[in-house]
Each structure stands twice: as structure tokens, then as C-alpha cells.
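# With the input below, show me the fold.
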Amino acid sequence: MINVKKKTIKIKTAGTIQSLLTAEECAQTRCLKLEGPLSREDLIFLNELELDELDLKKTEIGDNIDLFVKGFRHIKCILFPDDITDLEEYTLSFCRGLEKVCLPAKLKKIGDHTFSYSKNLKEISIDANNQSYQTIDNIVYDKSGKRLCYCNESREGIFTVNKGIEKLSGDSFRGCSLLTKISLPDSLQEIGPCAFMECEGLTEIVIPDGVTTLKTNTFFGCSKLSKITLPSTLNKIDNECFEKCSSLTEIHLPATVCSLTNPFGECSKLEHIYVDSNSKTFKDIDGVLTDKEGKNLISYPGGKKGTYQVPNGIIHIKDFAFEFCRKLSNLIVDEGTTSIGKRAFRACFELSRIELPSTMTRIGDRAFDCCSYMTSFICKSVTPPQCHKNTFSFVNTDDCPLYVPQDSIEFYKKAEGWNLFVNIFPLSDKE
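Numbering: from 1, shown residues only. Below is the predicted model of the structure:
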């Protein structure tokens, strides 16, 4: 048997690589250098080879690189074609065996999620003549040195972001589960979406003054994050920013925050949302986030247990307000509240008893979706509040009794959403 370790192949016609390698060469070759045009089929074939190094520097691949490099399972090192200018999102994601990648001088764009979930990637080499990017200690920066683009997921312990960095790109630390602390410089002004997503070892972080927005999924899945200091310059917190931060017990919102959208989903230990008393937009009532006037209930901490009575003065329970609050067992909504937003109580698995006031007029789509252990539902409104067909999805409406005013029973039996309840009784039966 011939022991083939290194092989160079010059390709004349795209789509022919498989015919140029024998089965024995496929099994024995460890370093493969290719020259010439490659097709989609060629890249699919190469994806199955076990190689220490795949040299594509002198190949012509075009757009195919973005579709078929992702997911390379057995290749440890890839040298990219010299003429590649763009790496679109997810190009080198899910490459389980990849340890090193060499990028060319002409590269101008590295897209979002380019290296996501390639957990063994330790070394990124960028041609010194590249005018857009550089690597320092295997961390990818833009050429100016003011933007940190990517930190490899194998990095461990404490990481200090260099002074002078003004921006962290989206996904810059995504999946760095072995990092326990990340220190950010005072020069930082912008943090991209998903920047710290799934940093499962991160326990605390301080966001410096100058940052104005925390974008979607910034800290999603940081399951050990128990302490975070937000900057006095923060204006906006985007959707799912702190989703699944399951060790976070409290959070302090500075007075400058004027916009937030469902940031605390599945924060199962969060018991208190504090708001600076100087805020002109929000306030907290016993740890529950409302608007400044106390008319809109915005977010209920997912770690609060037991029975909750919605405070007097609340008119609207907003979208997602109680979503994933799995420790909430009973809910009483006082007179004056008129609406419940979409998915407001979705996946409150322990919620068993609900009491709605006579002033309730509207309940949003999937508001009680997956409240599967509900045993009693009371609605005092004479006119059935407007619902969607999915308002009570996955609620056990066959067994859970619904109690309504005596003279309204027939109306509830015909109303959309409410008509799913098999057992509808007068309020007097409950009393």
C-alpha cells in the first residue's frame, strides 16, 4: 500500500475532483493542495475527506464557498482562495474539526455568525497585506484596531478587551463558554447583537458608560451570569437581550433607559427589576416593571413565586409580560385592567387559577398558550373579552372550568376562544 500524505492536484474542469483521487488516496492523503476551478459537487465531496490541511489558495470557487464550507467535519486547517472577497454569514459555522483557517489579502467582509459553533477553532491567520482585517493573538480585529470582530470559542478564563476598542461586532464572543470574565474598556461605544450569546461560563460583567444600546440576544443563554452593571448612558434594550440568563436574580435599570422589548424571558431566578427613581419612562412596583404612570405592566420577574395580584391602576398587561414565569401559581387582576397582550402568560406552567375583572375587554393571541395546569378560570366581564382562536392553545379546556356571569354563559359558549371551554359555570357556583 502506498503511504500518501501530501498531494497536489491541478484541475482543468470543475466537478471532476472525485475522478482525480483514488479511494486509496482519499484514505491516505492528509494534506491536499488544489489548483483550478471547483464546483458545488467538488466541495460536497471534499467535505467527506479527513484532512489535516486543505489548501484552496489557487482554486476558483466563486459563490459556492459560502454554501458548502459550512459544516466541514473532518478538516483541521483550510487555506482560503486568494480571490475570495466576502465570507457571508455562517460560512465556517459548525465546522467541528476545524482548528485553523488562513484568510487572503483580498478579503473585505466577514459576515455575522461566520465562525459560530466551530468550537475547536484556535488559530485564524489573515494575510498581512489585507486592508480590512488583522489578527492579534488569534483575535480578529478590523484594520484600524477599533473593532473586535471575533474571539475564538476555545479561549479560556479571563479576557481583557484592548483599550481603544470602540465596537464589538455581532457574535464577537458568541459561544465562548470557557470564559469566566470579560473586561471591557472605557472606549467601548457599541456592542453588536449576540455578542456574548451562550457565554455559559461568564459570571459577571460591567458595561462601560458610552454604550447606548444592548441589542437582540446580547447575553442570550449566559446561564451563569449573576451580576451585570449597566451604563448610565444606556437608552435601549432589545428583544431577548437577557433571555435564559438563569442565574440572574436582580437587575438595575438606569434612568436613561427609555425603550425595552421583552428582554428577560426565561430568567428563572430573576426576582426583582429595579428602576432608577429618576427615570422618566419606567418604574418598579415591588420588583415588577411598569411604565412611569403605572398604567402598563411591562415585565414580571420570572423568579417570583406564588400568587400575584396586579396592582390598582394597571390598565394594560403588555405583550410577553409574564411569559415563561414558571413559578407563578395564581393570578388576580383587579378592576380597571382592560387588556392582556399577546403571549402575556405563555408557558406559565404552574399557573393554576386566574381571576379577571369585569373591565376586561381584550385578550391577545396565545396569551395563555401552554398554561397546561390551569384548574380554574374566572372572568367577571359581562361581555366576553375579545380573544383569538389561539388565546388558550394547549390549555386543558376540556377539564378546566370557566366561571362567568350567569346571564353571559351563552355568549361565552359562542365567543371565539372562550368556546373551547367545555365546562362553563355561573360565578355563583365558584363563590
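# tell me the helices in the protein, going along the chain?
Under the criterion DSSP state H, the chain contains helices at 23-28, 40-46, 64-68, 409-414, 427-430.
# mind checking which of the ones you listed is nearest residue 279?
helix 427-430 (39.8 Å; CB to CB). For every residue, glycine as well, the C-beta is placed using N, CA and C.
# Which strands or helices does the closest one pack on?
strand 376-379, strand 402-404 (3 or more CB pairs under 8 Å, 6 or more residues apart in numbering; DSSP states H and E).
# Show me what the last one is in contact with.
The one in question is strand 402-404. With CB atoms under 8 Å, 6 or more residues apart in numbering as the contact definition, strand 402-404 has outside contacts at 376-381, 384, 412, 418, 421, 423-427, 429-430.
# Narrow those to those that are buried.
Taking 16 or more other CB atoms under 10 Å as the criterion, what is buried in the contacts of strand 402-404 is 377-381, 384, 412, 418, 421, 424.
# Can you say which of the helices of the chain is nearest to residue 95?
Taking the helices of the chain one by one with CB to CB, helix 64-68 is closest: 11.5 Å.
# pLDDT averaged over stretch 246-260, what's the number?
Averaged over stretch 246-260, pLDDT sits at 97.
# Pull out the buried residues from it.
Using 16+ other CB under 10 Å as the test for burial, stretch 246-260 gives 246-248, 250-251, 253-254, 256-257, 260.
# How about residue 424, nearest residue that isn't a chain neighbour?
Closest residue to residue 424 apart from its sequence neighbours, by CB to CB, 6 or more residues apart in numbering: residue 402 at 4.7 Å.
# sorry, back to before: any chance of the buried ones among the contacts of strand 402-404 in CSV, plus distance to residue 157?
Output for these, formatted as CSV (distance: CB to CB, whole Å):
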residue, distance to residue 157
377, 51
378, 54
379, 55
380, 57
381, 57
384, 58
412, 60
418, 56
421, 56
424, 60
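# Show me where the stretch 1-150 of the chain has its strands.
Using DSSP state E, counting those that start in this stretch, the strands assigned to the stretch 1-150 of the chain run over residues 6-10, 31-37, 53-60, 77-79, 86-87, 100-103, 109-110, 123-126, 133-136, 139-142, 147-150.
# Looking at those strands, which one is packed in the most?
Sort the strands of the stretch 1-150 of the chain by mean neighbour count, taking mean count of other CB atoms under 10 Å, and strand 147-150 sits at the top with a mean of 22.
# Please save the CA atoms from that strand in CSV.
Extracted in CSV, the C-alpha atoms of strand 147-150 (Å, rounded to 0.1, in the frame of the first residue of the first chain):
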residue,chain,number,x,y,z
ARG,A,147,-13.5,47.0,16.3
LEU,A,148,-13.1,43.5,17.7
CYS,A,149,-14.7,41.1,15.2
TYR,A,150,-14.2,37.6,16.6
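# Distance to residue 406 added to the strands of the stretch 1-150 of the chain, as JSON lines?
Listed next are the strands of the stretch 1-150 of the chain as JSON lines, based on distance: least, CB to CB, whole Å:
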{"stretch": "strand 6-10", "distance to residue 406": "85"}
{"stretch": "strand 31-37", "distance to residue 406": "80"}
{"stretch": "strand 53-60", "distance to residue 406": "76"}
{"stretch": "strand 77-79", "distance to residue 406": "73"}
{"stretch": "strand 86-87", "distance to residue 406": "67"}
{"stretch": "strand 100-103", "distance to residue 406": "72"}
{"stretch": "strand 109-110", "distance to residue 406": "67"}
{"stretch": "strand 123-126", "distance to residue 406": "72"}
{"stretch": "strand 133-136", "distance to residue 406": "72"}
{"stretch": "strand 139-142", "distance to residue 406": "69"}
{"stretch": "strand 147-150", "distance to residue 406": "65"}
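# what's the least confident stretch among those strands?
Between the strands of the stretch 1-150 of the chain, the lowest average pLDDT goes to strand 86-87, which shows a mean of 85.
# Direction included, what does it pair up with?
Paired strands of strand 86-87, with direction, are strand 109-110 (parallel) (DSSP bridges).
# what about the strand it pairs with, distance to the chain center?
Relative to the centre of its chain, strand 109-110 is centred 22 Å away, using CA atoms, centre = their mean, to the nearest Å.
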